[in-house]
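A.B. asks: just to be clear, the model below is a prediction. Sequence and coordinates:
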Amino acid sequence: MRKLEETKRLKSSEDKQVSSEVFDDKTLKVLYKLAKQGYINTLNGVISTGKEANVFYGYDDDMMPVAVKIYRVVTLDFKKIKEYIAGDPRFKTHGNKTRQIINTWTNKEFKNLSRLYNLGLRVPEPYTSLENVLIMEYLDKSEDDHSAAPPLNKVKLKDPKIVFDEIINFIDKCYNEADLVHGDLSQYNILLSHNHPYVIDLSQATLRSNPSSRMLLERDIKNIIYDAKKYKLNLSYDDILNRVLNG
Ligand SMILES: Nc1ncnc2c1ncn2[C@@H]1O[C@H](COP(=O)(O)OP(=O)(O)OP(=O)(O)O)[C@@H](O)[C@H]1O
């Protein structure tokens, strides 16, 4: 963890100025609201600056570590997002307002995470979402190393067979128990925490009833088979697909 001087405290007014250089005004207001509610006490630094969002780590009022995902308001791929939302009857956007679409997208990730977490699948526990901000469990590397859990593409697995079995199990349960397809599953969206794979980035996950779900499921399986080849694991596409579809 970084030293306290480097952290961004969200509750003192002098820090508002610093933070406003990093966040737009509306996002800052959302962060202050979440700080008032006790979900965030300090933001300690950046874990990742991605295409869709920036992810920070921090602490809540009980000094428990949290991951704070803040969706970018400017650079999101709206065309893609609107297609995903349009295929999911749980979400209706009223009009085309940019912010509203991002908020729906953020809420969609929160709901998908909740659904999977409540079924006992390995995803970060979602704590809350407000507008374009999602707060969830911070996944660390291991018992002795509390830095952020790395994505699978950045690690050399000791027991690849076990880890890939767990991932296939995830795909199966996600489809058959949660009624969801991740839709962007690969080594980049799976973090290794305490030697187990945790699936992240659930905003685009769709219901099985979505007409694209079969295509997305097949693509997810192909990606995982491809990633497993790095460890000379030859997983059978037909076996996995049949297992999931007949689950
Ligand atoms: N709960 C978490 N705990 C620890 N680290 C996390 C957590 N969630 C996300 N991260 C880190 O943040 C990165 C980006 O997260 P995520 O994939 O959800 O955002 P994204 O903006 O959609 O990313 P990208 O656009 O790069 O795919 C992850 O690769 C991981 O390193």
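C.D. replies: Arrived safely, thanks for sending.

A.B. asks: near the ligand, which residues of this protein? Just list them.
C.D. replies: 47-48, 50-53, 55, 67, 69, 124, 136-139, 148-149, 151, 189, 191, 200-201 (Cβ under 6 Å from any ligand atom). Where you see a C-beta, it was placed from the backbone N, CA and C, and this is true even at glycine.

A.B. asks: other SSEs contacting the strand or helix carrying L31?
C.D. replies: If you go by DSSP states H and E, L31 is part of helix 25-36. If you count contacts as 3 or more Cβ pairs under 8 Å, 6 or more residues apart in numbering; DSSP states H and E, helix 25-36 packs onto helix 14-22, strand 65-71, strand 126-130, strand 133-137.

A.B. asks: between it and strand 133-137, how big is the angle?
C.D. replies: Between the axes of helix 25-36 and strand 133-137, defined by axes from the mean of the first three to the mean of the last three Cα atoms, to 10 degrees, the angle is 40 degrees.

A.B. asks: which positions in helix 25-36 come out as buried?
C.D. replies: 27, 30-31, 34-35 (16 or more other Cβ atoms under 10 Å).

A.B. asks: do the same with stretch 166-178
C.D. replies: 166-168, 170-175, 178.

A.B. asks: turn those into JSON lines, columns for distance to S212.
C.D. replies: Putting the buried residues of stretch 166-178 into JSON lines (distance: Cβ to Cβ, whole Å) gives the following:
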{"residue": "E166", "distance to S212": "26"}
{"residue": "I167", "distance to S212": "21"}
{"residue": "I168", "distance to S212": "21"}
{"residue": "F170", "distance to S212": "20"}
{"residue": "I171", "distance to S212": "16"}
{"residue": "D172", "distance to S212": "19"}
{"residue": "K173", "distance to S212": "20"}
{"residue": "C174", "distance to S212": "15"}
{"residue": "Y175", "distance to S212": "14"}
{"residue": "A178", "distance to S212": "17"}
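
A.B. asks: all set, thanks.
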